[in-house]
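> Quick check, what structure comes out for this input:
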Amino acid sequence: MTTTKLDLTGLKCPLPALKTRKALKSTPPGDFLEVHCTDPLSIIDIPNLIRETGDAVEVVQRDERKIVFLIEKTDRSIENH
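Predicted structure coming up:
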């Protein structure tokens with residue numbers, strides 16, 4: 001089980017969600033993707049994306065400068081089917 005950091009700071013919607021989706025495709029089940037964003041819309045877009053993919057997400061940091069998501073790639077992910 002590993003955690004890969006994805007730095008998307010400075011990117012604006014829809015790039016954080018698109019790049020997160022792409023990174024999840026190469027993430028093995030059981031591994032984590034730590035996504036760092038500065039776009040305020042990512043607090044909506046990333047969780048919506050994860051609902052679509054069937055993975056699990058937790059917001060681990062949210063302040064005025066940055067939002068950090070910890071996403072667990074699950075084996076029930078829609079991306080795998």
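
> where do the helices sit along the chain?
Under the criterion DSSP state H, the chain contains helices at 15-25, 42-53.

> Leu8 is nearest to which of these?
helix 15-25 (4.6 Å; Cβ to Cβ). C-beta coordinates here come from the backbone N, C-alpha and C atoms, glycine included.

> Switch the helices of the chain over to JSON lines; also include distance to Phe69, mean neighbour count and mean pLDDT.
Listed next are these as JSON lines, based on distance: least, Cβ to Cβ, whole Å; neighbours: other Cβ atoms under 10 Å; pLDDT from 0 to 100:
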{"stretch": "helix 15-25", "distance to Phe69": "8", "mean neighbour count": "18", "mean pLDDT": "97"}
{"stretch": "helix 42-53", "distance to Phe69": "5", "mean neighbour count": "17", "mean pLDDT": "96"}
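
> quick one: Leu8 and Ala17 touch, right?
No: applying Cβ atoms under 8 Å, one finds Leu8 not in contact with Ala17, separated by 9.3 Å.

> The helices of the chain into JSON lines, with extra columns for distance to Met1?
Below are those laid out as JSON lines (distance: least, Cβ to Cβ, whole Å):
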{"stretch": "helix 15-25", "distance to Met1": "15"}
{"stretch": "helix 42-53", "distance to Met1": "18"}
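
> what's the closest of those helices to Glu72?
Among the helices of the chain, if distance is taken as Cβ to Cβ, the winner is helix 42-53, at 9.3 Å.

> Output the contacting helices and strands for that closest one.
Contacts defined by 3 or more Cβ pairs under 8 Å, 6 or more residues apart in numbering; DSSP states H and E place helix 42-53 against helix 15-25, strand 32-37, strand 56-62, strand 67-72.
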